[in-house]
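Chemist: take a look and give me a structure for this.
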Amino acid sequence: MPVTEITLLPGYDEDVRARLVNHVSRAVRSVIAAPPAGVTTVIFEAATYQRDGRVFSSGNAAHPPAAACVMSFLAAMQARELDVAQAFLADSFEMTFPGGQRMHALTELVAWAKNRYERVEKTYTGIDESWTDAGTVVYARGTLSGIWLDGRPFEGIRFIDRFEIQDGLIVKQDVWNDMGEYKNR
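Modeler: Next up is the predicted model:
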């Protein structure tokens with residue numbers, strides 16, 4: 001069974017170490033057919049090292065958990081706390097909603113949504129992370145419920161939100177849902 005070793009400089013807290021061990025172990029299992037109990041991931045600590053002529057004795061800052069960033073952003077959006085939600089977004093943030101509607105500001109989204117429904121809430125059935133050279137991709141999936149503009153309730157409408165996170169901030173959101181299929185029922 002695979003054994004993976006990680007060497008870190010001092011200064012990372014237990015949460016960061018646990019996230020790193022979990023992510024590396026899952027990455028190993030995505031390549032090698034091994035059960036969770038068959039993968040060992042160990043962290044060692046180096047007091048100091050030299051690279052490129054410079055001596056280092058502490059590591060870089062850790063990114064916040066990407067899924068937690070996304071869920072906090074979505075909670076702020078649902079509560080219409082736009083200032084709170086804005087703090088999770090990069091300056092270059094872009095979102096694309098059904099119909100290819102592209103927006104860059106949360107106020108644009110709120111104005112666009114006023115023509116679609118009176119209220120909407122999300123129930124999550126899963127949150128998944130994947131990693132790229134550019135950052136973390138988070139998928140949030142579940143169902144939508146709420147009130148149409150004419151006062152009729154709706155529920156059980158599938159959705160997937162895809163987020164790209166770089167340096168702890170959301171740079172892109174893509175939204176897919178079946179709302180258009182249900183609107184005129």
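Chemist: show me how this structure divides into domains.
Modeler: 3-56, 66-182 (automatic domain parsing).
Chemist: buried sites along the lowest-mean-pLDDT helix or strand in the chain?
Modeler: Least confident element among the helices and strands of the chain, by mean pLDDT, DSSP states H and E: helix 179-182 (a mean of 86). Judged by neighbour count (16 or more other CB atoms under 10 Å), helix 179-182 contains these buried residues: M179. Quick note: C-beta positions are derived from backbone N, CA and C, even for glycine.
Chemist: if I pick Q173, what's in contact with it?
Modeler: Q173 makes contact with 93-96, 161-164, according to CB atoms under 8 Å, 6 or more residues apart in numbering.
Chemist: the same query, at a cut-off of 7 Å, please.
Modeler: 95, 161, 163 (CB atoms under 7 Å, 6 or more residues apart in numbering).
Chemist: pretty sure T40 contacts E5?
Modeler: No: with contacts counted by CB atoms under 7 Å, T40 stays clear of E5, the gap being 9.1 Å.
Chemist: in terms of neighbours, single out the busier of these two.
Modeler: Applying other CB atoms under 10 Å to T40 and E5 shows that T40 carries more neighbours, namely 14 against 10.
Chemist: not counting sequence-adjacent ones, nearest residue to K172?
Modeler: E164 (4.1 Å; CB to CB, 6 or more residues apart in numbering).
Chemist: most remote residue from this structure's center?
Modeler: G53 (36.3 Å; CA atoms, centre = their mean).
Chemist: show me where this structure has its strands.
Modeler: 3-8, 40-45, 49-51, 54-56, 89-97, 101-103, 119-131, 136-147, 153-166, 169-177 (DSSP state E).
Chemist: quick one: contacts of the longest helix seen in the chain?
Modeler: Looking across the chain with DSSP state H, the single longest helix is helix 14-31. Contact partners of helix 14-31, identified using CB under 7 Å, 6+ apart, comprise 2, 4, 6, 36, 39, 41, 43, 62, 65.
Chemist: let me have those in a markdown table, adding distance to L89 and neighbour count as columns.
Modeler: Supplementary listing: the contacts of helix 14-31 in a markdown table, determined by distance: CB to CB, whole Å; neighbours: other CB atoms under 10 Å:
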| residue | distance to L89 | neighbour count |
| --- | --- | --- |
| P2 | 38 | 13 |
| T4 | 34 | 14 |
| I6 | 31 | 13 |
| P36 | 35 | 8 |
| V39 | 35 | 19 |
| T41 | 33 | 18 |
| I43 | 32 | 16 |
| A62 | 20 | 15 |
| P65 | 17 | 18 |
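Chemist: nearest to D174 among those residues?
Modeler: P65 (20.4 Å; CB to CB).
Chemist: how many residues are close by the closest residue in space to that closest one that isn't next to it in sequence?
Modeler: Nearest residue to P65 in three dimensions, chain neighbours excluded: R19, at 6.5 Å (CB to CB, 6+ apart). Look at R19: counted by other CB under 10 Å, it has 16 neighbours.
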